[in-house]
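Participant: take a look and give me a structure for this.
(chains A and B)
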Amino acid sequence: AQKVTQAQTEISVVEKEDVTLDCVYETRDTTYYLFWYKQPPSGELVFLIRRNSFDEQNEISGRYSWNFQKSTSSFNFTITASQVVDSAVYFCALTEYNFNKFYFGSGTKLNVKP
Amino acid sequence: GAVVSQHPSRVICKSGTSVKIECRSLDFQATTMFWYRQFPKQSLMLMATSNEGSKATYEQGVEKDKFLINHASLTLSTLTVTSAHPEDSSFYICSASPLNTEAFFGQGTRLTVV
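Facilitator: Modelled structure (predicted):
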């Protein structure tokens, strides 16, 4: 069965601090996709990144970076030099090879204080 | 890029009434769409799979008679919450995938039953 675990319920940091959001997943599939979404108070899901199970290369996009390690079934997300606008709930998610059902983690609420 | 549009974004209804939420794929055809529900401060959970031209598939614990799903065309799925009660107040969001190549989420609908 598919499962995504985000052990950090809520994290508070001061602006300009770096913060890492953890994500651990379980799946028996060999082909799958991992996602990170940002959910601001308005509710919509803002797509951040997608990774397929065959691509373990880490990725950096501006202040965001992702570390995918199949050996530990983890897909962690780091925000460097956090800003107040980064405050939101962040979801890690897993989907099957055909992008059908999504399995979401419980989410991590990030509070960035000025 | 592919867009999924959901309407309305917000709705308030009286207890006992029914509410219809629409999910449209704007520039692609979707034989399958997915409906998720998110209770306050919780994660998103798959409710049902909407299949064009056939019955929807509901996840365990979701009442099919309460949450009516109609997928009458390749670009439109509707979710009707029948005889809504305050405990149905939630954030409902749909997703669809063009040719199983990617997944897109609607903007979500925040339902409040008073």
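
Participant: within the sheet, what are the partner strands of the helix or strand bottoming out on mean pLDDT in chain A, with directions?
Facilitator: Scoring the helices and strands of chain A by mean pLDDT, DSSP states H and E places strand A:59-61 at the bottom, with a mean of 91. Partners of strand A:59-61 in the sheet, by DSSP bridges, are strand A:64-69 (antiparallel).

Participant: which parts of the strand it pairs with are buried?
Facilitator: A:64-68 (16 or more other CB atoms under 10 Å in any protein chain shown). Every C-beta, even on glycine, is put in place using the N, C-alpha and C of the backbone.

Participant: point out the residues in chain A that sit beside chain B.
Facilitator: A:43-45, A:50, A:91, A:95, A:97-107 (CB under 8 Å from any CB of the partner chain).

Participant: please name the nearest non-neighbouring residue to residue 57.
Facilitator: Just so you know, I chose chain A. Nearest residue to residue A:57 in three dimensions, chain neighbours excluded: residue A:68, at 7.7 Å (CB to CB, 6 or more residues apart in numbering or on different chains).

Participant: you answered for a different chain; I wanted chain B.
Facilitator: Per CB to CB, 6+ apart, closest to residue B:57 is residue B:49, 4.4 Å.

Participant: quick one: name the residues of chain B near chain A.
Facilitator: B:32, B:34, B:36, B:38, B:42-46, B:49, B:91, B:93, B:95, B:97, B:100-103, B:105, B:107-108, B:110.

Participant: drop anything exposed from the residues you listed.
Facilitator: Looks like the residues of chain B next to chain A have B:32, B:34, B:36, B:38, B:43-46, B:49, B:91, B:93, B:95, B:97, B:103, B:105, B:107-108, B:110 buried, using 16+ other CB under 10 Å.

Participant: closest one of the buried residues of strand A:64-69 to residue A:22?
Facilitator: Closest approach to residue A:22 among the buried residues of strand A:64-69 (CB to CB): residue A:67, at 10.0 Å.

Participant: let me see the ranges of the helices in chain B.
Facilitator: Taking DSSP state H, chain B contains no helices at all.

Participant: okay, now residue 15: neighbour count?
Facilitator: No chain specified, so I'll use chain A. Neighbour count for residue A:15, taken as other CB atoms under 10 Å in any protein chain shown: 14.

Participant: ah, I was thinking of chain B
Facilitator: Residue B:15 has 12 nearby residues by other CB under 10 Å.

Participant: check residue B:112 too.
Facilitator: Neighbour count of residue B:112, defined by other CB under 10 Å: 14.

Participant: try residue B:26
Facilitator: 11.

Participant: ok, now how distant is the residue nearest to residue A:24 when sequence neighbours are not counted from chain B?
Facilitator: With sequence-adjacent residues excluded and distances taken as CB to CB, 6+ apart, residue A:24 is closest to residue A:5, at 4.7 Å. With the distance defined as CB to the nearest CB, to the nearest Å, residue A:5 ends up 11 Å from chain B.

Participant: list the contacts for residue A:5?
Facilitator: By CB atoms under 8 Å, 6 or more residues apart in numbering or on different chains, the contact list for residue A:5 reads A:23-26, A:105-106.

Participant: cross those against strands and list the overlap.
Facilitator: Secondary structure from DSSP state E places A:24-26 of the contacts of residue A:5 in strands.

Participant: make JSON lines from those residues and add pLDDT and neighbour count to it.
Facilitator: JSON lines is the format used below for those (pLDDT from 0 to 100; neighbours: other CB atoms under 10 Å in any protein chain shown):
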{"residue": "A:24", "pLDDT": "98", "neighbour count": "16"}
{"residue": "A:25", "pLDDT": "98", "neighbour count": "21"}
{"residue": "A:26", "pLDDT": "97", "neighbour count": "12"}
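
Participant: many thanks, we can stop here.
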